[in-house]
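# Got a predicted structure plus its sequence, pasted below:
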Amino acid sequence: MQKSILLLFAISSLSSCGRFGNEDKKEDHKERIVCISKQYSEIIYALGAEEDIVAVDVSSTYPPEIKNLPTIGYHRALAAEPILSMKPTLILEDNNIGPEHVVTQLKDLKIPMKQFGHYESTIAGTDSLIREMGSYFHKEEKAEELIKKLNEDMNYAKQQALWYEKKPKVLVIHFGQANNIYLVMTKNNTAGKLIDWAGGEMAVDGERGMIQFSPEVVAQSDPDVILLTDFGYDKLGSTEGVGTLPGVSSTRAFKEGKVYRVEEHDMVYLGPRTGKNLIELQKLIHEGEEKQQL
């Protein structure tokens, strides 16, 4: 039976495909920003700077109200026409968009495109990104509030992790929308950092951040817990549906009912809610485990 965890693991009320039909309701705005980065999108909303955002990519799903905006497609499989139909005066992107010929087409049309600084995928790097975006949108005070809360939550989560004696092995499965395939996240991935901070152990290692899903990978990983990101989980429809993926039904995690749906955006980048999400992630992967006395 699927288990829902507040905020981090809430089921989306709207499917991503339905968002393509959303109407543009911001025709009177002087700035028309198309944001093609789920990390940027969340930070912009957290700053309270979303007023001039007219469209986002389909993987920008937080906060929930962002689903009222039109989408222009998946960030790695873009077409120029949906973007141009939004009449953008600025495109925000994080150097993770494609295909290349579409990016070239947009640049040739002289539409202003902006990236913020490329910081390390660390809490310090996230602080720097929030601070830079706060300055850009003239929300400096709010940015500092977000940074303070993020670091307080992270410190609390790391202290909590010390209470757990076991380090459960966690297999994180992700549905790659660009290629329509299931992938497995490795230790060399943002999810790997989150699992480590939460007091767990990523079940799969590798130089790349993701590798292709296979029964052999699942068997070798021998996970205590399986996490499946939202698009992939919803495609299968239930925990029992997840068991139809090759090799999953024979795992200890599946047999013990420790298969959970998680939000993609909470696992693939760090942002203002990372500390809070980490606390919820700890509860999930350590479910039923007693805390040791320090």
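Yep, it's here.

# going forward, measure contacts and count neighbours with C-alpha atoms only.
Noted.

# Excluding sequence neighbours, find me the nearest residue to K107.
Ranked by C-alpha to C-alpha, 6 or more residues apart in numbering and with sequence neighbours excluded, the top spatial neighbour of K107 is M113, at 7.7 Å.

# Thought N95 was touching that neighbour, still the case?
No: counting by C-alpha atoms under 8 Å, M113 does not reach N95; the two are 10.4 Å apart.

# In terms of neighbours, single out the busier of the two.
Comparing M113 with N95 by other C-alpha atoms under 10 Å, the one with more neighbours is M113, at 18 against 14.

# All the strands of the stretch 101-250 of the chain, residue numbers only.
Along the stretch 101-250 of the chain, the stretches classed as strands by DSSP state E, counting those that start in this stretch are 113-114, 169-176, 181-185, 201-202, 210-212, 225-229.

# Tell me which of those lies nearest to V103.
Proximity to V103 (C-alpha to C-alpha) singles out strand 113-114 among the strands of the stretch 101-250 of the chain, at 9.9 Å.

# helices or strands up against that closest one?
strand 90-93 (3 or more C-alpha pairs under 8 Å, 6 or more residues apart in numbering; DSSP states H and E).

# residues near D108, how many?
There are 9 residues near D108, going by other C-alpha under 10 Å.

# whoops, I mixed them up, W163
Using other C-alpha under 10 Å, the number of residues around W163 comes to 14.

# if I look at it, how far off is I123?
From W163 over to I123 the distance is 22 Å, taken as C-alpha to C-alpha, to the nearest Å.

# Just grab the bridge partners of the residue lying closest to G232 once chain neighbours are set aside for me.
Among residues not flanking G232 along the chain, F175 sits closest, at 4.7 Å (C-alpha to C-alpha, 6+ apart). Taking DSSP bridges as the rule, F175 bridges to Y182.

# ok, the closest residue to A80 other than its chain neighbours - how many residues close by?
Leaving aside its sequence neighbours, A80 sits nearest to V102 (C-alpha to C-alpha, 6+ apart; 6.0 Å). Other residues within reach of V102, judged by other C-alpha under 10 Å, total 16.

# Surely V102 and E81 touch.
No: when contacts are counted by C-alpha under 8 Å, V102 is not listed as touching E81 (9.6 Å).

# Pull up the gap between the residue nearest to K107 and E93, please.
For M113, the distance to E93 equals 7 Å [C-alpha to C-alpha].

# so how far is stretch 219-233 from its chain's centroid?
16 Å (C-alpha atoms, centre = their mean, to the nearest Å).

# Show me what it is in contact with.
11, 168-175, 182, 203-204, 239, 242, 247, 251-254, 258-264, 285 (C-alpha atoms under 8 Å, 6 or more residues apart in numbering).

# Can you check the distance spanned by it, start to finish?
End-to-end distance for stretch 219-233: 20 Å, by C-alpha to C-alpha.

# Show me which parts of it are buried, residue by residue.
221-233 (16 or more other C-alpha atoms under 10 Å).

# ditto for stretch 82-96
Buried, per 16+ other C-alpha under 10 Å, within stretch 82-96: 83, 86, 88, 90-94.

# now do stretch 74-82
74-76, 78-79.

# same deal with stretch 157-173?
Buried residues in stretch 157-173 (16+ other C-alpha under 10 Å): 157-158, 160-162, 164, 166-173.

# For Y260, see how far away G232 is.
Counting by C-alpha to C-alpha, the gap from G232 to Y260 is 11 Å.

# any low-confidence regions in the stretch 151-294 of the chain?
Residues of the stretch 151-294 of the chain that meet the criterion pLDDT under 70 lie in 290-294.

# Equivalent analysis for the stretch 1-150 of the chain, please.
Scanning the stretch 1-150 of the chain for pLDDT under 70 picks out 1-29.

# Nice, that's everything, thank you.
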